[in-house]
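*Asks:* Structure, please.
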Amino acid sequence: MNNRNKWNKPSGKGPMGLDWSGVYPATIVPWTDNTCREIDEDTYRSMIRHMIDSGIAGLDPNEVEGLSLEETCRLIEIAKEESKGRIPVTGKIEPRNQQWTWDMVKEAEKVIEAGADVLYLHPVPDQNNMEDFINLYKTFDKAFDLPIMSLMVGTPPAVLKEIALACPNICAWKYESRQNNGLIKELVANMREVEAQTGRHVCTLRAGDHDLAESLVNGAEGTFNGGGCWRVEYDVAIVNAVKRGDLNEAFAIQKRLEPATDAVRGVFGTTIKTYGRFPYRYKITAWLLGIFPNYYARLPRTAFSDEEVLMLRDALIKAGFEVVRAPEECKNLGISLY
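*Replies:* So this is what the prediction gives:
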């Protein structure tokens, strides 16, 4: 691994001799109109500048789903232009067909060409074939001389330990524990074993918007989530408060955010109608707060009901946010055309 520090990150025991902790917001994408065919680059740049000014450690320029590889690469280019080398920019790679490894390697070449500093792998593990899953990471570790982050949803921490031991470029796991902080604690313990055996440190970053303070107390070192589109400065404040040992402040901020977090993200274990709509609710929230000039999202999004939008508006106000859309503006929003 090339030991160069381009981003003024603190030194550490991770890849490149750096500390990979902190807040990594995953973006959402504004569109110019309801055809959702053209990225609103001016609004996107403004959002990125705000995130960087808030003190983030890195940035994932993407959207939860629905982008072409070409669009992803354009977002990376914009993020690189706006970050001006101050933070690392990830390049999201995900399987788009059954040829997992080959497909993802070709995609990695494209995002690196666009300027990605870190590879962000987004595979879905086949629980019946963990050997192939682990080999995918070994392939990327050998093929590319870049740090690697990856999303994991409930993957057994022992499996991640095996990958981390075999792959020195792994810098962080974005771990979705389904609000089970016992799994966070278990993963952190496994990564400490990796460090004891190799001298390399792999960060655990909390995925999702809930329970950030609890995750940090249990050993997570930051967060990687889409909530940064509307609450990035608060995520940074919670992480910094825990780092300096001010747990009262961290939990107070989290408590204040809870009405909005529960409304925007939904509560795990409820129906897909409430929990699974969080990617689309990010758009509405950004619009309600004046971050985006519109709320357009690509199909197959179902229409936002008046009840849903007003619920989000009320929750944001309850959490102390300044909402710029009047109640009458929150009705009959409709859906995108394509």
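*Asks:* Any regions of this structure where pLDDT drops low?
*Replies:* Applying pLDDT under 70 to the chain flags residues 1-6, 65, 96-100, 124-127, 178-179, 267-276, 300-302, 334-338.
*Asks:* can you pull out the helices in it?
*Replies:* Here the chain has its helices, by DSSP state H, at 41-53, 69-83, 100-114, 130-143, 157-166, 181-198, 212-217, 228-243, 247-265, 278-288, 306-318.
*Asks:* right, so of those helices, which gets closest to P30?
*Replies:* Closest to P30 of these, according to Cβ to Cβ: helix 41-53, at 4.2 Å. All C-beta atoms are positioned from the backbone trio N, CA, C, and that covers glycine.
*Asks:* CA atoms only for the closest one, dumped as PDB, please.
*Replies:* Only the C-alpha atoms of helix 41-53 are listed here, as PDB (Å, rounded to 0.1, in the frame of the first residue of the first chain):
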ATOM      1  CA  GLU A  41     -25.100  19.500 -10.400                       C
ATOM      2  CA  ASP A  42     -25.300  23.000  -8.800                       C
ATOM      3  CA  THR A  43     -27.500  21.700  -5.900                       C
ATOM      4  CA  TYR A  44     -25.300  18.600  -5.600                       C
ATOM      5  CA  ARG A  45     -22.200  20.700  -5.300                       C
ATOM      6  CA  SER A  46     -23.800  22.900  -2.700                       C
ATOM      7  CA  MET A  47     -24.700  19.800  -0.600                       C
ATOM      8  CA  ILE A  48     -21.200  18.400  -0.800                       C
ATOM      9  CA  ARG A  49     -19.600  21.700   0.200                       C
ATOM     10  CA  HIS A  50     -21.900  21.800   3.300                       C
ATOM     11  CA  MET A  51     -20.900  18.300   4.200                       C
ATOM     12  CA  ILE A  52     -17.200  19.000   3.900                       C
ATOM     13  CA  ASP A  53     -17.500  22.200   6.000                       C
END
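*Asks:* if we can go back for a sec, mean neighbour count and distance to M16 added to the helices of the chain, as TSV?
*Replies:* Converted to TSV, those look like this (neighbours: other Cβ atoms under 10 Å; distance: least, Cβ to Cβ, whole Å):
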stretch	mean neighbour count	distance to M16
helix 41-53	17	20
helix 69-83	19	17
helix 100-114	17	15
helix 130-143	16	14
helix 157-166	19	16
helix 181-198	17	15
helix 212-217	22	23
helix 228-243	22	21
helix 247-265	18	28
helix 278-288	23	31
helix 306-318	17	39
